[in-house]
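[1] 3D, please:
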Amino acid sequence: MNPKKKTTLLTKEQAKSNLKWYLFDANGKTLGRFAQEVAKVLIGKHKPSYTPNVDCGDGVVVINAEKIKVTGAKEAQKIYRSYTGYPGGMKEVSYREMMQKHPERIIFHAVSGMMPKSRLGKQQLVKLRIFATENHSMQAQKLIKVEI
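    Coordinates of the predicted model:
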């Protein structure tokens, strides 16, 4: 190893100054593969300056969440569970019901499962915006369209 080469790590201020926003279109994409790409951008692993202990990821806007696809029998069998904390408080919602009521929660649940389970992971997840249709309110950010 060459002693003259040093690894440079990002500081919080440098990471915030380099923040970009990306636009992902979920139309016809497979849920897991799509969520993996979104999580990679949120964490910042797509950058050569990735630092594990700093929020160096970018913001992500997802449109057309209602047009996401799943493979196999997941559409009929997948169940989203949540627990209220009270006895008998287990709530179960099927994939089809979730798709009709809140399609953006399907993508959020998949992406959040791929994020680090720490304060940093929650901080990175804040930069995720999901919209069910093509209409979004993020015109102020200069969105960079991403093709997967």
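
[2] can you give me the offset of stretch 105-115 from its chain's centre?
    6 Å (C-alpha atoms, centre = their mean, to the nearest Å).

[3] buried sites along it?
    105-108, 110-112, 114-115 (16 or more other C-beta atoms under 10 Å). All C-beta spots, glycine's among them, are computed from the backbone N, C-alpha and C.

[4] who does the helix or strand of the chain with the lowest mean pLDDT touch, helix- and strand-wise?
    Ranked by mean pLDDT, DSSP states H and E, the helix or strand of the chain with the weakest confidence is helix 12-17, at a mean of 86. The helices and strands touching helix 12-17, judged by 3 or more C-beta pairs under 8 Å, 6 or more residues apart in numbering; DSSP states H and E, number zero.

[5] Numbering from 18 from now on, please.
    In the new numbering, first residue 18, that becomes helix 29-34.

[6] and it, which residues are buried?
    A32.

[7] Paired strands for the very next helix or strand once past it, with orientation please.
    Scanning the chain past helix 29-34 towards its C-terminal end, the next helix or strand to appear is strand 38-42 (assignment: DSSP states H and E). Using DSSP bridges, the strands paired with strand 38-42 in its sheet are strand 76-80 (parallel), strand 160-163 (parallel).

[8] E54 is nearest to which of the ones you listed?
    Closest to E54 of the strands paired with strand 38-42 is strand 160-163 (C-beta to C-beta; 7.8 Å).

[9] so where's the longest helix in the protein?
    In terms of residue count, the longest helix belonging to the chain (DSSP state H) is helix 48-60.

[10] circling back to that earlier point, ok, and what's touching the least confident helix or strand of the chain?
    Around helix 29-34, the neighbours that count as contacts under C-beta atoms under 8 Å, 6 or more residues apart in numbering are 61, 66, 68, 71-73.

[11] And the helices in this structure?
    Along the chain, counting by DSSP H, helices occupy 29-34, 48-60, 91-94, 112-118, 120-130, 136-142.

[12] so for the second one, what's the average pLDDT?
    The average pLDDT for helix 48-60 rounds to 97.

[13] by contact count, what packs against that helix?
    strand 38-42, strand 76-80, helix 120-130, helix 136-142.
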